Structure formats: structure tokens, C-alpha cells
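# Give me a model of this one.
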Amino acid sequence: MAKSKKEIIQTLATKYNLPLEKVEKIVNSQFKYVTKIMSNGKFDSVRLPYFGRFYSKKERRDIINGITRDS
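Reported below is the predicted structural model:
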């Protein structure tokens, strides 16, 4: 069963005896990294251990690139 982000943060904070705020910052940094990589316009795929691979489909990239070229 998939856990929510809050449940993951709570589990990690308890396991490693860390404040919730610190664990939340660590978890959020992973997603900020994915956003940074994918927002550079090349849409490179990113693999995060235990979360999986994040990527965009070619069809979606074509739509986005078409919109930005037409603007």
C-alpha cells in the first residue's frame, strides 16, 4: 500500500530521530531537484532511489515545445 508524503516523512523522522521539519526539507529537496532538471527544457529523465524514474512522454514534450514556439 502506498504511503502519503506525510506518512513517509513521519516514518523517517521517527526512524532516524530527526525533527519533522528537517525530514520534510530533505524529502522536498528531491522533488525540487526533479523540477530543476526537467525545467531546463531538455526534459531529461531523473531517477530517484526508492521513488522511481521521472520523465516526460515524447508526445507531451512535442505539445509543450509547440506551444512555446508559437508564443
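# quick one: secondary structure of the residue nearest the centre of the chain?
When Cα atoms, centre = their mean is applied to the chain, the residue found nearest the centroid is Phe31 (3.0 Å). What DSSP: H, G, I helix; E, B strand; the rest coil gives for Phe31 is helix.
# Equivalent analysis for Arg53, please.
strand.
# what's the answer for the one 10 residues further on, then?
Look at Ile63: counting by three-state DSSP, its state is helix.
# Need the pLDDT of it.
On pLDDT, Ile63 comes in at 80.
# Correct me if wrong: Lys5 contacts Val27.
Yes: Lys5 is within contact range of Val27, at 6.9 Å (criterion: Cβ atoms under 8 Å). C-beta here means a position set from N, CA and C on the backbone, and glycine is covered the same way.
# Look at the two and report which has more neighbours.
Val27 (15 against 11; other Cβ atoms under 10 Å).
# measure the more buried one to Lys36 for me?
Remark: distance between Val27 and Lys36 (Cβ to Cβ, to the nearest Å) = 16 Å.
# thought Asp44 was touching Val34?
No: taking Cβ under 8 Å as the definition, Asp44 is not a contact partner of Val34, at 10.1 Å.
# Compare the two (neighbour count), which wins?
Neighbours per residue (other Cβ under 10 Å) separate Asp44 from Val34, with Val34 holding more: 16 against 11.
# quick revisit: and the residue nearest to the centre of the chain, how close does it get to Lys6?
Taken as Cβ to Cβ, the span from Phe31 to Lys6 is 14 Å.
# same deal with Lys58?
Applying Cβ to Cβ, the value for Lys58 to Lys6 is 34 Å.
# What is the least confident helix or strand in this protein?
Within the chain, confidence by mean pLDDT, DSSP states H and E is lowest for helix 58-70 among all helices and strands, at a mean of 71.
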